[in-house]
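Enquirer: Give the three-dimensional model of this entry:
(chains A and B)
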There are 2 protein chains.
Amino acid sequence: MLQVWALDGIREITPGDDLVGVILDALTEPLHDGDIVVVTSKIVSKAEGRVIRADDREDAITRETVRLVASRTSPTGHVTRIVENPLGIVSAAAGVDASNTPEGTVLLLPVDPDASARRLAEGLRQVARVGVLITDTLGRAWREGQTDHAIGAAGVRVFEDLRGTTDAEGRPLVVTLPCVADEIAAATDLVKGKASRRPVAIVRGRGDLVGELDLPGARSIVRDPARDMFRQGADEAYAEGFAAGRAARD
Amino acid sequence: MLQVWALDGIREITPGDDLVGVILDALTEPLHDGDIVVVTSKIVSKAEGRVIRADDREDAITRETVRLVASRTSPTGHVTRIVENPLGIVSAAAGVDASNTPEGTVLLLPVDPDASARRLAEGLRQVARVGVLITDTLGRAWREGQTDHAIGAAGVRVFEDLRGTTDAEGRPLVVTLPCVADEIAAATDLVKGKASRRPVAIVRGRGDLVGELDLPGARSIVRDPARDMFRQGADEAYAEGFAAGRAARD
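Expert: This next block holds a predicted model:
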């Protein structure tokens, strides 16, 4: 049995807040060894002071963009940009968040969410041997809508490695690397909600995934662009190819 | 509180099996109104007789391919093909499953998983007003590993539509369309496992998502390729562009 619930009554977070204390204060029952504490990146960013002045969200996205992956202009003139952010994560807004922030400011992602997760896990492990995930909401290729994903992890396995295991007929399993960190992140979005202030959830029932603090972080989920068949949008790749084809006259 | 658990003791499914009966027999406690019953597509395919002879999994993938999206040959000669299957779903193997099937056979996806989900929901609603999801394991662009996704749905909202709602400061929420069906599918993979025979899970605690049987199905999650910036792999789009650029030289 997996149990997933969100903590109520977490107050507005401001720079310098001690999130470990905030989480422990909001618990209505003690953490158990093997629990996974799942924290929305928004409050980690706020605690770490990642709020910047920005007249314009688009300008902030540009500054957080390491690489433009794809862009499209809608008939109404709205430009959607899919970009790689400094963490290597491909998303629609480089992790720039303009909701639930003071007017004229935007929130950037934590500089190093794996390190943030580790600090949280170290603090919370004074109480119980928990794992920590930090999440962000991301769109997907090929599918409408968004789901929550893990962008930081500490003390919890991000992949359940089934390579080398066999099916009931004794043949190797072809699907081999379930990204349990993203699955846990997705599960907690179902209890956190988006409009409500419930940025922390607890997952109980997969203590087998909880381990040492030096397990690989969520950075290991990000695919190396060199290995990524979708490292660039189709239109952008076509345009580059077209220009190269034109220039390739003999 | 969200509770997620898998049903134990579901026997091997063969063509013609009544899955509603199989699920009801495996329950250790009664279904509640508002529960969501999440079924791995593999047993739906088996019950619907979607097992075909195939000397070769690659050959079966070719036959199930509507459109080649991208392909890559590894240094060892292994070809990975990302294809669109007849359901519009983009995945690495067109939904062709060669694990846990009799030797010399492969399993295809249900012909119409939304219709399969609806038949299951109609049957299970003799007992309680539940929603039904049918899941498949899919890889993702930009991220390593796989997670479970919803490929069939009945009686449950696949998106939680937050468009028009506002944040705590009264501004419109930018992230607007959480794909709760995929998040529920992901959550259940955490209890179903892959190597074990636990293909059915129950999710309790989001009865607000359960509704009429004619709600849009999981087909509505699939993005129209015309709207998809990643409808084709970067290498494939570049090559097409290059050829067109060459041809346009003179």
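Enquirer: For the rest of this, base every contact and every neighbour count on C-alpha atoms.
Expert: Noted.
Enquirer: so how far is A:A234 from the spatially most central residue of chain A?
Expert: By CA atoms, centre = their mean, chain A has its centre lying nearest to A:I151, at 3.1 Å. Separation of A:I151 from A:A234 (CA to CA, to the nearest Å): 26 Å.
Enquirer: Ok, A:E122 next?
Expert: 43 Å.
Enquirer: re the thing from before, quick one: secondary structure of the residue nearest to the centre of chain A?
Expert: What DSSP: H, G, I helix; E, B strand; the rest coil gives for A:I151 is strand.
Enquirer: returning to what we had before: more neighbours, A:E122 and A:A234?
Expert: Set A:E122 next to A:A234 and count neighbours by other CA atoms under 10 Å in any protein chain shown: A:A234 wins out with 25 against 20.
Enquirer: pretty sure the more buried one contacts B:E240?
Expert: No: with contact defined as CA atoms under 8 Å, A:A234 does not count as touching B:E240 (10.0 Å).
Enquirer: residue contacts, A:L209?
Expert: A:34, A:156-157, A:160 (CA atoms under 8 Å, 6 or more residues apart in numbering or on different chains).
Enquirer: Counting neighbours, what do you get for A:Q126?
Expert: 10.
Enquirer: Quickly find the element holding A:E58.
Expert: helix A:57-63 (DSSP states H and E).
Enquirer: So which residues make contact with that helix?
Expert: Looking at what lies outside helix A:57-63 - CA under 8 Å, 6+ apart - the contacts are A:54, A:93-96, A:98, A:106.
Enquirer: Flag every buried residue along that helix.
Expert: Neighbour counts using 16 or more other CA atoms under 10 Å in any protein chain shown place A:57, A:60-62 of helix A:57-63 among the buried residues.
Enquirer: tell me how far that helix is from the chain's mean position?
Expert: 19 Å (CA atoms, centre = their mean, to the nearest Å).
Enquirer: re the thing from before, list the contacts for the residue nearest to the centre of chain A?
Expert: A:113-114, A:133-136, A:218-219.
Enquirer: Write the ChimeraX selection for whichever of those are buried.
Expert: Those of the contacts of A:I151 that count as buried under 16+ other CA under 10 Å are selected in ChimeraX with:
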select /A:113,114,133,134,135,136,218,219
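Enquirer: Return only those of the contacts of A:I151 found close to chain B.
Expert: By CA under 8 Å from any CA of the partner chain, no member of these lies near chain B.
Enquirer: how about the contacts of A:I151 in TSV, adding pLDDT and secondary structure?
Expert: Formatted as TSV, the contacts of A:I151 follow (pLDDT from 0 to 100; DSSP: H, G, I helix; E, B strand; the rest coil):
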residue	pLDDT	secondary structure
A:P113	98	helix
A:D114	98	helix
A:L133	98	strand
A:I134	98	strand
A:T135	97	strand
A:D136	95	strand
A:A218	98	helix
A:R219	97	helix
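Enquirer: Turn the contacts of A:I151 into JSON lines, including distance to B:S41.
Expert: As requested, the contacts of A:I151 are exported to JSON lines (distance: CA to CA, whole Å):
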{"residue": "A:P113", "distance to B:S41": "35"}
{"residue": "A:D114", "distance to B:S41": "34"}
{"residue": "A:L133", "distance to B:S41": "29"}
{"residue": "A:I134", "distance to B:S41": "30"}
{"residue": "A:T135", "distance to B:S41": "28"}
{"residue": "A:D136", "distance to B:S41": "28"}
{"residue": "A:A218", "distance to B:S41": "29"}
{"residue": "A:R219", "distance to B:S41": "31"}
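Enquirer: all strands of chain A, in order?
Expert: A:2-6, A:36-40, A:51-53, A:67-73, A:79-84, A:90-91, A:105-107, A:131-139, A:146-154, A:200-204 (DSSP state E).
Enquirer: got CSV for those, with distance to A:A226 too?
Expert: Conversion of these to CSV gives the following (distance: least, CA to CA, whole Å):
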stretch, distance to A:A226
strand A:2-6, 36
strand A:36-40, 29
strand A:51-53, 32
strand A:67-73, 13
strand A:79-84, 13
strand A:90-91, 14
strand A:105-107, 29
strand A:131-139, 21
strand A:146-154, 20
strand A:200-204, 34
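Enquirer: For chain A, which segments count as helices?
Expert: Under the criterion DSSP state H, chain A contains helices at A:19-26, A:41-47, A:57-63, A:113-124, A:180-192, A:234-247.
Enquirer: For the last one, which residues meet the burial criterion?
Expert: Residues A:234-246 are the ones in helix A:234-247 that count as buried (16+ other CA under 10 Å).
Enquirer: repeat for the first one
Expert: Using 16+ other CA under 10 Å as the test for burial, helix A:19-26 gives A:19-20, A:23-24.
Enquirer: of all the residues you listed, which comes closest to chain B?
Expert: A:I23 (17.3 Å; CA to the nearest CA).
Enquirer: so what's the closest one scoring on pLDDT?
Expert: On pLDDT, A:I23 comes in at 98.
Enquirer: Then A:R57?
Expert: On the pLDDT scale, A:R57 gets 81.
Enquirer: now do A:T73
Expert: 88.
Enquirer: I'd assumed A:D235 was in contact with it.
Expert: No: A:T73 is not in contact with A:D235 according to CA under 8 Å; the separation is 12.0 Å.
Enquirer: Quick one: residues contacting A:F242.
Expert: With CA under 8 Å, 6+ apart, A:F242 has these contacts: B:238, B:240-246.
Enquirer: cutoff 7 Å now
Expert: B:241-242, B:244-245 (CA atoms under 7 Å, 6 or more residues apart in numbering or on different chains).
Enquirer: For burial, what's the neighbour tally of A:P75?
Expert: If we define neighbours as other CA under 10 Å, then A:P75 has 7 of them.
Enquirer: do A:S116 as well
Expert: 22.
Enquirer: got it, and the one 4 residues further on?
Expert: Around A:L120 there are 26 other residues, counting by other CA under 10 Å.
Enquirer: and if you look at A:R227?
Expert: 10.
Enquirer: From B:T80, how far out is it?
Expert: A:R227 is 12 Å from B:T80, by CA to CA.
Enquirer: can you check A:L215 too?
Expert: 29 Å.
Enquirer: Then A:D208?
Expert: For A:D208 relative to B:T80 (CA to CA), the value is 32 Å.
Enquirer: More neighbours: those two, which one.
Expert: B:T80 (14 against 10).
Enquirer: Who are the contact partners of that one?
Expert: B:71-73, B:92.
Enquirer: Of the residues you listed - the most surrounded one?
Expert: Neighbour max across those (other CA under 10 Å) = B:A92, 21 neighbours.
Enquirer: How about that residue: what's its closest non-neighbour residue?
Expert: Excluding its sequence neighbours, the residue lying closest to B:A92 (CA to CA, 6 or more residues apart in numbering or on different chains) is B:I82, at 4.4 Å.
Enquirer: and the one you found, what are its bridge partners?
Expert: B:A70 (DSSP bridges).
Enquirer: Can you give me the neighbour number for it?
Expert: 22.
Enquirer: quick one: it from A:T101, how far?
Expert: 40 Å.
Enquirer: for the nearest residue to A:E48 once chain neighbours are set aside, what are its contacts?
Expert: Take A:E48 and drop its neighbours on the chain: the residue closest to it by CA to CA, 6+ apart is A:P15, 5.5 Å away. Taking CA under 7 Å, 6+ apart, we find A:P15 in contact with A:46-49.
Enquirer: Tell me the bridge partners for the closest residue to A:A150 other than its chain neighbours.
Expert: Among residues not flanking A:A150 along the chain, A:T135 sits closest, at 4.5 Å (CA to CA, 6+ apart). Here A:T135 shows beta-bridge partners A:T40, A:A150, assigned using DSSP bridges.
Enquirer: residues contacting A:T135?
Expert: Counting by CA under 7 Å, 6+ apart, A:T135 has contacts A:39-41, A:148-152, A:185.
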